[in-house]
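[1] coords please:
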Amino acid sequence: MTITKDDEDIEIKEFVRLRKNACKARGVIKKQINAFVLRHGFNYQRSKWTVAHIKWLKQLELSVILRETLNEMLLQYYDFNDQNDEI
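    Numbering: from 1, shown residues only. You can find the predicted model right below:
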């Protein structure tokens, strides 16, 4: 199969679309995590998504169910970060 210039352009567009979607998904989960902790009375006053912020998230005192919920959301965040790093 011969790849033409048009085919190559389409492939590049698909790759760019993948990257944009991955970045968008990471942004969505970050907003969801921030909203989750705010709903439960926690507000981080410094720069978000730093090492210190993530450590703070991991150390929040939450009920078992809320901790599990936050942990699952953080796993999604890590997955999206890994995906963005690989792309």
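[2] in the protein, which helix is the longest?
    Looking across the chain with DSSP state H, the single longest helix is helix 5-39.
[3] mind listing residues that contact the following helix or strand past it?
    Counting by DSSP states H and E, the element after helix 5-39 in chain order, helix or strand, is helix 51-59. Helix 51-59 has contacts (C-beta atoms under 8 Å, 6 or more residues apart in numbering) with 33, 37, 44, 46-47, 70, 74. (Each C-beta comes from the backbone N, C-alpha and C, glycine too.)
[4] any chance of those residues in JSON lines, plus pLDDT?
    As requested, the contacts of helix 51-59 are exported to JSON lines (pLDDT from 0 to 100):
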{"residue": "Ile33", "pLDDT": "99"}
{"residue": "Val37", "pLDDT": "98"}
{"residue": "Tyr44", "pLDDT": "98"}
{"residue": "Arg46", "pLDDT": "97"}
{"residue": "Ser47", "pLDDT": "97"}
{"residue": "Leu70", "pLDDT": "99"}
{"residue": "Leu74", "pLDDT": "98"}
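[5] ok so, going back, could you give me the buried positions within the longest helix of the chain?
    Within helix 5-39, the residues scored as buried using 16 or more other C-beta atoms under 10 Å are 22, 25-26, 29-30, 33-34, 36-37.
[6] ok so, going back, most surrounded residue in the contacts of helix 51-59?
    Ile33 (21 neighbours; other C-beta atoms under 10 Å).
[7] my guess is that residue contacts Met73. True?
    Yes - contact criterion C-beta atoms under 8 Å: Ile33 and Met73 qualify, at 5.0 Å.
[8] what residue is smack in the middle of this structure?
    Centrality entry for the chain: nearest residue to the mean C-alpha point is Arg26, 2.7 Å, by C-alpha atoms, centre = their mean.
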